[in-house]
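S.K.: My questions are about this predicted structure, shown below with the sequence.
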Protein chains: 2
Amino acid sequence: MAADPSSTLTARRVAQTRREVAETALTLSRERGWDAVSVADLVAASGVSTRTFYRYFARKEDVFVPLLEEATGRLQRIFVTAAEPDLALRSAQALEQSLHDFPGGLGEAHRSYGILLSHDDLEPVWLAAAVRAEPGFAAALRQAFPTLDDGHDGRLAAAVIISCQRIALTDWVAGPADASLTRLAERAIRAGLGPLES
Amino acid sequence: MAADPSSTLTARRVAQTRREVAETALTLSRERGWDAVSVADLVAASGVSTRTFYRYFARKEDVFVPLLEEATGRLQRIFVTAAEPDLALRSAQALEQSLHDFPGGLGEAHRSYGILLSHDDLEPVWLAAAVRAEPGFAAALRQAFPTLDDGHDGRLAAAVIISCQRIALTDWVAGPADASLTRLAERAIRAGLGPLES
DNA sequence: CCCAGAATGGCAGTTTGTGCCAATTTGACA
DNA sequence: TGTCAAATTGGCACAAACTGCCATTCTGGG
């Protein structure tokens, strides 16, 4: 067991287990609410020891990190693949599409983010995930819009777009699941990108 | 003790104590590092009981919230007072000025944010504070730039500017304290506001 | 001066999170 | 295929973070 390019069998298994624990956490949270779920419950329901749980996740709330990383990965992949030439519109459409692709569909996404956004000790996790997604999204931006130059390798543009997406998502979660997320997000992103021009 | 408009004597005293505990936390963190400070130390050093500590702060890390709120309040006040007509430049200057006004001066600000940004369990607090500052900054924006309209009552513009300030601040903290924060931040904010035009 | 309501303190008890070591599993290499 | 160092895991015991509950103190109006 030497130079692991980060995807040996073991690494995959670990990632898989991590994901399963995360999924379990989401399920339990839907059933009885996040604050009624202890890590004792969590490990009992997912078959890992408490000690291992804390090797996978630095804090209890971090159980959701794998799912959040998956979500941002999905968003990025859709974003670079898309054809729409308009930056704001493409960002908005990618966001909506990524939520459609959420495991369980749009409804589950709505419910899941609802949980995440309605608990004070979960909000920071979600915010931190958004920030951690910035470098990756910046890379996606550079790939999809090579001419775009914000002087910071896309980091700023990425931060701005993600902020707007965050606000759009917040609004969406507060309303009905079938609201037009794209329209919401596109208006938000366009407005965020150019408030000086209006 | 009935209808408190939120500033009875007691309320003031409580706020004052909260602030003192926060200050104590910052001092102790500078001396021995944040992870070497337990709430036991904290309450011993500031003369409140553990139980009261947790009435003041939901989580241990939230000790810094009062200082962060103070900082964003300072920033807002400076922003609305300033004369500079250019949005990006004014935002940047306000940021720098607010750091000059940090208790203890620019050096202390640099050190303090250094602590905040270099600990995994403190980063979320700082991010959450930035997000909570958005509505207030949006109000400041509306007051200072009545013509600006982002379709969301300034919330989007505020989020964008705060994101850019956050990135500029991160860069500043990573470098020397006497770097030109204004130039850094102005470039960041201008780039953040209009990546489509370049 | 009195007293209802608020703030505080003190524990006991729960939950979260860690250090340490022994047992198990993995996968490169002979 | 068998061997073995490295990595993963589990099981305590324990430290630290939190909470519920109630008795005590403090506040400030009548």
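M.R.: Thanks, I have the structure now.
S.K.: does any bit of the helix or strand of chain A with the lowest mean pLDDT sit next to chain B?
M.R.: Across the helices and strands of chain A, mean pLDDT, DSSP states H and E gives its lowest value to helix A:181-193, namely a mean of 82. Yes: Helix A:181-193 lies within reach of chain B by Cβ under 8 Å from any Cβ of the partner chain, at A:187-188, A:191-193. For every residue, glycine as well, the C-beta is placed using N, CA and C.
S.K.: With respect to residue B:163, which of these is nearest?
M.R.: residue A:192 (9.1 Å; Cβ to Cβ).
S.K.: any idea how far residue A:44 is from the closest one?
M.R.: Distance of residue A:192 to residue A:44, given as Cβ to Cβ, to the nearest Å: 44 Å.
S.K.: got the residues of helix A:181-193 next to chain B as TSV, with neighbour count columns?
M.R.: TSV is the format used below for these (neighbours: other Cβ atoms under 10 Å in any protein chain shown):
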residue	neighbour count
A:187	18
A:188	29
A:191	21
A:192	30
A:193	25
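S.K.: ok, so of those residues, who is nearest residue A:116?
M.R.: Closest to residue A:116, out of all of the residues of helix A:181-193 next to chain B and judged by Cβ to Cβ, is residue A:188, at 19.0 Å.
S.K.: Of all residues in chain A, which one is closest to chain B?
M.R.: Closest to chain B within chain A is residue A:124: 3.2 Å, counting by Cβ to the nearest Cβ.
S.K.: Can you tell me the closest non-neighbouring residue to that residue?
M.R.: Leaving aside its chain neighbours, residue A:124 sits nearest to residue B:124 (3.2 Å; criterion: Cβ to Cβ, 6 or more residues apart in numbering or on different chains).
S.K.: which SSE is that neighbour in?
M.R.: helix B:123-132 (DSSP states H and E).
S.K.: need the next SSE after the longest helix along chain A, C-terminal direction.
M.R.: Longest helix of chain A, by residue count under DSSP state H: helix A:9-32. Downstream of helix A:9-32, the first helix or strand assigned by DSSP H and E is helix A:39-46.
S.K.: Outside of that next one itself, list whatever touches it.
M.R.: A:17, A:20-21, A:24-25, A:28, A:49-50, A:52-54, A:60, A:63 (Cβ atoms under 8 Å, 6 or more residues apart in numbering or on different chains).
S.K.: Also near DNA strand C: which of these, exactly?
M.R.: A:50, A:54, A:60 (Cβ under 7 Å from any atom of the strand).
S.K.: Tell me the secondary structure of the second one, please.
M.R.: In this case it means residue A:54. helix (DSSP: H, G, I helix; E, B strand; the rest coil).
S.K.: Enumerate every residue touching it.
M.R.: Residue A:54 touches residue A:39, counting by Cβ under 8 Å, 6+ apart.
S.K.: ok, the residue of chain A closest to chain B to residue A:151 distance?
M.R.: From residue A:124 to residue A:151 the distance is 29 Å (Cβ to Cβ).
S.K.: of the two, who's got more company?
M.R.: For residue A:124 and residue A:151, the more surrounded residue by other Cβ atoms under 10 Å in any protein chain shown is residue A:124, and the numbers stand at 21 against 15.
S.K.: From what I see, that one and residue B:122 are in contact.
M.R.: No: in this structure, residue A:124 is not within contact of residue B:122 by Cβ atoms under 8 Å, at 10.3 Å.
S.K.: what do the two both touch?
M.R.: Between them, residue A:124 and residue B:122 share no contacting residue, judged by Cβ under 8 Å, 6+ apart.
S.K.: following the stretch of helix or strand residue A:75 belongs to, which helix or strand shows up next?
M.R.: Assigned by DSSP H and E, residue A:75 belongs to helix A:65-81. Once the chain leaves helix A:65-81, the next helix or strand it forms, by DSSP H and E, is helix A:87-100.
S.K.: May I see the buried residues of that following helix?
M.R.: Across helix A:87-100, burial judged by 16 or more other Cβ atoms under 10 Å in any protein chain shown covers A:87-99.
S.K.: Between helix A:65-81 and the next helix or strand after that helix, find me the angle.
M.R.: Downstream of helix A:87-100, the next assigned helix or strand under DSSP H and E is helix A:106-117. Between helix A:106-117 and helix A:65-81, the angle comes out at 130 degrees (axes from the mean of the first three to the mean of the last three Cα atoms, to 10 degrees).
S.K.: show me what contacts residue A:60?
M.R.: A:39, A:42.
S.K.: residues in contact with the residue nearest to residue A:17 when sequence neighbours are not counted?
M.R.: Nearest residue to residue A:17 in three dimensions, chain neighbours excluded: residue A:48, at 6.6 Å (Cβ to Cβ, 6+ apart). Going by Cβ under 8 Å, 6+ apart, residue A:48 touches A:17, A:21, A:56.
S.K.: wait, what's in contact with residue A:26?
M.R.: Listed by Cβ under 8 Å, 6+ apart, the contact set of residue A:26 reads A:64, A:67, A:112, A:115.
S.K.: remind me which residues of chain A are low pLDDT?
M.R.: Judged by pLDDT under 70, chain A has its weakly predicted residues at A:1-6, A:194-198.
S.K.: wait, residue A:56 sits on residue A:18?
M.R.: Yes: the criterion here is Cβ under 8 Å, and residue A:56 meets it with residue A:18 at 5.1 Å.
S.K.: of the two, who's got more company?
M.R.: residue A:18 (22 against 17).
S.K.: residues in contact with that one?
M.R.: A:56-57, A:66.
S.K.: Residue A:121 and DNA strand C, how far apart?
M.R.: Distance, residue A:121 to DNA strand C, by Cβ to the nearest atom of the strand, to the nearest Å: 9 Å.
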